[in-house]
Each structure stands twice: as structure tokens, then as C-alpha cells.
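J.: Sequence and predicted model, in that order:
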Amino acid sequence: MNHVFHRHTLADLPLAASGDGPYIIDTSGKRYIDACGGAAVSCLGHSNARVQQSIHRQIDKIPYAHSSFFSNDALEQLADMLVARAPLDLDRVYFVSGGSEAMEAALKMARQYFLERDQPEKQLFISRKQSYHGNTLGVLSVGGNQWRREPFRPLLMQANHISACYAYRDQSEDETEIDYGLRVANELETRILELGPEKVIGFIAEPVVGATLGAVASVEGYFKRVREICDQYGILLILDEVMCGMGRTGTLFACEQDGITGDLVAIAKGLAAGYQPIGALLANKKIFETIRDGSGFFQHGHTFMGHPTACAAAVATLTEFEEHDLLNNVNLRGEQLRHRLRESLSECENVGDVRGRGLFIGIELVKNSISKQPFDPAIPLHTIVKKKAMSNGLMCYPMAGTIDGQQGHHVLLAPAYIINDSHVDEIVEKMSTSITQSLRSI
């Protein structure tokens, strides 16, 4: 009998048996090309020898030692590697077990920073509509996806949301990209002034919005203006790179491409390529020194933070990125994949947009590509696409509610950084076929 409480309680899922590069093989022998990394996690594929061996070696030494008693070599080495590669001023790393934990730590660290500075009135966060920052109650509160929030609304803390930078739908015909970016960025200043700068802790944003919008990058100049506003009013900029970071968009940290950095930056998913669960929060010098020179204690923690085996896997993952120049491959294959998808789907009137950065790609599906009218929300197009794709041996990440949590559909692609030209062709062929079959069925 099946006693697993799956998130889809009636799920009849194939059993994963083994991995082979970017493929997962089930117990029947069927191969699936993993074009989404599960949830943008498996960036090295499913059979990387270096990462596997690093885990074995660490287990042979010591698999776990609680971080309140010991540090460990893998933990120290990973922190050094991340700081050496991080944008300027991010010089401390707080390790956790995943993305929601990293973002939850960011909220608490940001609040404590202002308490240490004798500013207890700082208690509000601002984020963006259609953002997603995790499923724990704190980060669900600041997330902007209404579908995820609605069942738990009575349990959530106050949050304040401004517009996403979503040029495909929101940029007017008489606006340049620069003008549009400044307009939506300036909503942050307006909201800060409405709430009172003395009450606002920070602004939270994904440099490239993942699951809820489908690989939407902000337009040029948007984040530079956001950074200016945060600095002007003494507000922390908290960047959620849980999905879009660790090379996914073509640079190790996604914010590098916007020419800015955050005061706090959360990472996870690709950090250990799925071989171990791990996340991290990078903090700048002023935050660390304020807490160090104040109470000297961050009032937060989790049992498995700084887990030696997970840290060893992450060290090996970052080493693989560099020794095989994988971020160059992310940019090369990402450009190929977007181009070939646009070519393959150019005759489909239901494909409104193919977008993204690096190997982080979104396909927005619409009823009409000219008007951009979405499909009826009652049509479970995302579910249909996923089923068709799996039957065709393709893993992809379709979602509903792209526009406002109810309307809109998109498919997210986030394949492994190791893919080659033939893998790109296979993804394009199977994705195009799956979308065509799904549209015919409705």
C-alpha cells in the first residue's frame, strides 16, 4: 500500500530508479529528459561523479555535527568560496537547509538588525505582486501570489505589495523600457512614503521571477533605481535568488546582471545541485557587524544548518561549475534554447512570449497572441501540459495564475547546465509537441 502523503493526494507517480546526466529513468526503463531540474534544482544532472564522491568522503569523515557545538571544514570552505565569488560587501554566510528557510532567516535577520540599531518601529516589508518567496508562514506573508496565500490568509502577517516588473503585459506602447522600469520602480518610493520610512524594514524581490511569473527578468535600470530608493530611505534590499541564483541565469549571482547587490541575498536550489538539501543567506558587512557588536547573537536557528555532508556537496558543485566552465555553457545553451523554441513555436497563436535569462526560460501560453488574452482559468492547461510532457518523456514545470494568481498559464524550463546541442533539440521537439497536443485537447 502507498502511505505517502503526496501534495497531490491522488497522484499516481512513476518511480524514479536512476539518473543518467540530464535524464531520469523510471523503474519501467522509460527515460525523461529533465528540462526543469525538478524545480530548477538539478543543475548538474543526476549522475555527477564528483558530487557523489564528495558526499561519500564526508560521510566517511563525519556526516553531521550540530552547529552550536562545532564548525566543520566543509562549512568553512563553502562559506569562503561563496564570499570570494559574491558581489561586493556580502561577506558572511548563514547556512540552512533550503530556500524557504533562507528567506525566513532573511526576514528575521533584517528585523533584528534594526532592533540592534534601536529602531524597533521598523516592522514592515514591501514585496511585489506575483512574487514567490517560500511556503513557511513568514515568507508566504511577504509573497505576492494570491492563490498560495488565500487558504492561510488569517495566519499571515501584514505585507505590502507593489507591481512586478512584467514588461510583456504592463509596459504601454508609448513607453520605452527605461521609462517603464523607472515607473514601476518608483512605486517602491511611493509605498515607502505612504507607510513611513521609519516603519519599513526592507524591500524583497527576485532578480528574475521564477515559478509564479515564468522567468521574468526586470528591464534595464529597474533594479538600479530600486537600489537608490532603498539607500535613500534606509531600507534593506533583500534579494531572493533561491531559484534564479547559483548560475541559473548565466552568472553565479543573478543580481550581477543588474549591476547591483542586496544587503541580504538568499540562495538554495542549485547550490548543491539537488544532491543534498541546502540553502544559505549571505549578509553584508554592516548587518553582521551590527549584530556582532550588539547582542552578539542571531536569535534564530535550525537543527540541520551547516550540515557537513550538504556543504561538501555544495563545494563540489561550485567546483564543477568552474572546472568545466559551465556558466559559459548556460549562456550558450540558453540562447540556443530560446531561439529554437521561438522558431518551433512561431506558428502557434497560443504562444505569447518566450523569455528568460541563461537556462531559465518561460513560455507564456495565451488564448490569442495578439490580444494576449489568457485562457479561461477553469481550463487546467498547466496540468494537461505536464501530463502530455511526461508521456513524451519530458519534465517541465507548468503553472497557472501567471497574471494575478488566477488567470494565465506558463511553462518554466530550467535544464541542467551540462546539456549539449542534441539535448537542446530534444527539449525543443518534445516541448513543442507537448504544447501542440495539449492545445488540441482543449
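T.: Structure received.

J.: Let me see the ranges of the helices in the stretch 101-250 of the chain.
T.: 137-142, 146-149, 167-170, 177-195, 222-233 (DSSP state H, counting those that start in this stretch).

J.: want to throw those helices into JSON lines with distance to residue 399 and mean neighbour count?
T.: (Each C-beta comes from the backbone N, C-alpha and C, glycine too.) Output for these, formatted as JSON lines (distance: least, Cβ to Cβ, whole Å; neighbours: other Cβ atoms under 10 Å):
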{"stretch": "helix 137-142", "distance to residue 399": "16", "mean neighbour count": "22"}
{"stretch": "helix 146-149", "distance to residue 399": "10", "mean neighbour count": "16"}
{"stretch": "helix 167-170", "distance to residue 399": "15", "mean neighbour count": "16"}
{"stretch": "helix 177-195", "distance to residue 399": "22", "mean neighbour count": "17"}
{"stretch": "helix 222-233", "distance to residue 399": "23", "mean neighbour count": "19"}
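
J.: Lowest average pLDDT across the ones you listed?
T.: Lowest mean pLDDT of these: helix 146-149, a mean of 91.

J.: contact partners of that one?
T.: For helix 146-149, contacts defined as Cβ atoms under 8 Å, 6 or more residues apart in numbering pick out 132, 135, 140-141, 143, 156, 400-401, 404-406.

J.: Can I get it in PDB? Just the C-alpha atoms.
T.: Once non-C-alpha atoms are left out, helix 146-149 reads as follows in PDB (Å, rounded to 0.1, in the frame of the first residue of the first chain):
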ATOM      1  CA  GLN A 146      -2.700  35.200  -4.100                       C
ATOM      2  CA  TRP A 147      -3.500  31.600  -4.900                       C
ATOM      3  CA  ARG A 148      -0.800  30.400  -2.500                       C
ATOM      4  CA  ARG A 149      -1.700  32.900   0.200                       C
END
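
J.: Can you find the helix or strand in the protein with the smallest mean pLDDT?
T.: The weakest-scoring helix or strand in the chain, judged by mean pLDDT, DSSP states H and E, is helix 146-149 (a mean of 91).

J.: Can you list the buried residues in stretch 65-77?
T.: For stretch 65-77, the neighbour count (16 or more other Cβ atoms under 10 Å) marks 67, 72, 74-75 as buried.

J.: right, I mislabeled it, should have said stretch 280-287
T.: Buried-residue list, stretch 280-287, by 16+ other Cβ under 10 Å: 280-284, 287.

J.: Could you do stretch 23-38 as well?
T.: Neighbour-count burial for stretch 23-38, counted by 16+ other Cβ under 10 Å, picks out 23-25, 32-37.
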